[in-house]
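In: Below is the sequence, then the predicted model.
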Amino acid sequence: MKAAILPAQDSPLETHDDVELAEPGPGEVRVKVVASGVCHSDLSVQNGTIPLPTPIVLGHEGAGIVEAVGEGVTKVAVGDHVVLSFVPACGECYTCKHGQPFLCEQSNSSATGGMLDGTTRLSRGGAPLFQMAALGTYGEYAIVPEISMVKIPDDVPLHVAALIGCGVLTGVGAALNTAEIQEGDSVAVIGCGGVGLNVIQGAKIAGASRIIAVDRFDSKLEMAREFGATDTVNAGDTDAVIEIMGLTEGRGADVVFEVIGLGPTIEQAINATRKGGEVVLVGVPRMDVMVNLNAAFTWLYLAKTIKGCWYGSSNVYEDVPKLLDLWKQGSLKLEELISKEITVDEVNEAFADMQAGTVARSVIRHAHAD
Ligand SMILES: [Zn+2]
Ligand SMILES: [Zn+2]
């Protein structure tokens with residue numbers, strides 16, 4: 001099969017059509033990947049922000065059709081349409097049973113670049129190929145744990161459903177699950193890429209009345225307005241904290257989301273939050289990013305809450321159907337997130353577009369020539 005492979009850190013992706021798949025093992029499923037989003041976290045593997053072994057088939061945001069199931073698979077059957085989830089959720093472990101399936105203990109294996117047991121089902125020329133997040137949606141097919149997918153109705157277009165698997169669950173989930181946005185709240189979102197736009201539309205659904213979008217690209221701020229931002233701040237021209245203060249009667253926003261993952265923007269997010277307000281950290285930092293905070297004036301006197309947000313604090317089995325309902329009602333924009341539809345051969349250009357800030361999402365449609 002054909003797949004886009006990252007051969008080594010800091011290298012361009014290469015597309016090859018001689019990638020081999022093993023048969024699905026117990027609890028595993030072969031999925032024909034119909035579409036895959038190109039997410040900033042794929043780029044983060046390329047540049048080493050997220051360290052994973054190489055060579056690896058990237059892609060962790062996809063949707064497709066179940067083609068074959070391994071022994072003991074009960075959650076899905078051949079022919080089912082599924083959204084893939086980059087975090088498995090087993091429903092049985094400590095965190096799953098404590099209402100935090102986004103931290104499922106089975107997901108600890110994802111750092112290995114393999115399946116739940118740490119081994120991979122992909123190879124090329126006899127050498128193993130790793131698969132991002134136990135998925136690898138830049139391949140035409142993927143062997144995936146059955147606990148890494150959610151069955152969806154057949155009438156949902158798969159290129160639209162694909163985006164739910166990372167960007168939408170993370171961004172909308174940050175606003176609806178992680179944060180406690182009250183009707184009429186002021187919200188600021190620092191970083192308006194694919195996930196940031198979803199935080200913005202989530203904040204709108206949650207009832208925020210003022211949504212301040214902050215980014216350095218005017219192109220992204222324009223998109224932010226389409227997704228519900230009421231105000232925009234170009235952080236390249238101005239001090240974002242002062243601007244947010246000015247838009248919130250000098251108080252700071254009720255809830256501020258950081259969706260970049262840099263130390264300075266995390267500090268901005270904390271400083272732009274009103275006393276008693278909430279900071280939600282969504283961006284993916286490099287492993288060596290540290291934040292230095294004043295204890296008295298962050299927590300004690302100003303009583304701010306800083307929350308980490310992994311995967312939108314989602315329960316995928318509940319949230320995927322909920323998000324699809326919101327989409328059917330017209331409250332959630334999905335098609336509008338797709339700036340470009342591309343082939344898997346164009347993925348390097350899609351990475352360049354993402355860095356230039358010109359796209360919300362590029363979506364790969366696999367051709368399945370074989
Ligand atoms: Zn992602
Ligand atoms: Zn679990």
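Out: Done, it's in. Ligands and ions are numbered 1, 2, ... in the order given.
In: Tell me, how many residues neighbour the closest residue to ligand 1 within the stretch 101-250 of the chain?
Out: Closest contact between the stretch 101-250 of the chain and ligand 1, by C-beta to the ion, is at C166 (3.2 Å). C-beta here means a position set from N, CA and C on the backbone, and glycine is covered the same way. Number of residues near C166 (other C-beta atoms under 10 Å) recorded here: 32.
In: from what I can see it touches G59, true?
Out: No: checked against C-beta atoms under 8 Å, the pair C166 and G59 is beyond contact range at 9.7 Å.
In: Once you drop chain neighbours, what's closest to K307?
Out: V280 (5.0 Å; C-beta to C-beta, 6 or more residues apart in numbering).
In: Also I205?
Out: Spatial nearest neighbour of I205, excluding adjacent residues (C-beta to C-beta, 6+ apart): S331 at 5.6 Å.
In: correct me, but the one you found touches G202?
Out: No: using C-beta under 8 Å as the test, S331 is too far from G202 to be in contact (10.2 Å).
In: quick one: the helix or strand hosting K307 to chain centroid distance?
Out: Under the criterion of DSSP states H and E, K307 resides in strand 305-308. Centroid displacement of strand 305-308 relative to its chain, using C-alpha atoms, centre = their mean, to the nearest Å, is 19 Å.
In: So what are the sheet partners of that strand and their directions?
Out: Within its sheet, and counting by DSSP bridges, strand 305-308 is paired with strand 273-281 (parallel).
In: how far does the partner strand sit from the chain's center?
Out: Distance of strand 273-281 from its chain centroid, counting by C-alpha atoms, centre = their mean, is 22 Å.
In: How about stretch 59-76?
Out: 20 Å.
In: Please apply the same query to stretch 83-91.
Out: 13 Å.
In: Would you mind listing the buried residues in it?
Out: Within stretch 83-91, the residues that qualify as buried by neighbour count (16 or more other C-beta atoms under 10 Å) are V83, L84, S85, F86, V87, P88, A89, C90.
In: In strands only, show me those residues.
Out: Residues of the buried residues of stretch 83-91 located in strands (DSSP state E): V83, L84.
In: quick one: which of the buried residues of stretch 83-91 is nearest to ligand 2?
Out: C90 (3.5 Å).
In: P145 against G114, yeah?
Out: No: between P145 and G114 there is no contact under C-beta under 8 Å: 10.7 Å.
In: The two - which one has more neighbours?
Out: Set P145 next to G114 and count neighbours by other C-beta under 10 Å: P145 wins out with 26 against 19.
In: List phi and psi for that one.
Out: Main-chain torsions, P145, degrees, to the nearest 10: phi -60, psi 140.
In: residues touching it, list them.
Out: Contact analysis of P145 by C-beta atoms under 8 Å, 6 or more residues apart in numbering lists G27, E28, V29, P88, Q106, M115, L116, A134.
In: redo that, cut-off 10 Å
Out: For P145, the contact set (C-beta atoms under 10 Å, 6 or more residues apart in numbering) comprises 24-25, 27-29, 70, 73, 75, 85, 88-90, 106-107, 109, 115-117, 134-135.
In: Where strands are concerned, which of those count?
Out: E28, V29.
In: among the contacts of P145, which are in reach of ligand 2?
Out: The overlap between these and the neighbours of ligand 2 (C-beta under 5 Å from the ion) comes to C90.
In: Thanks a lot, see you next time.
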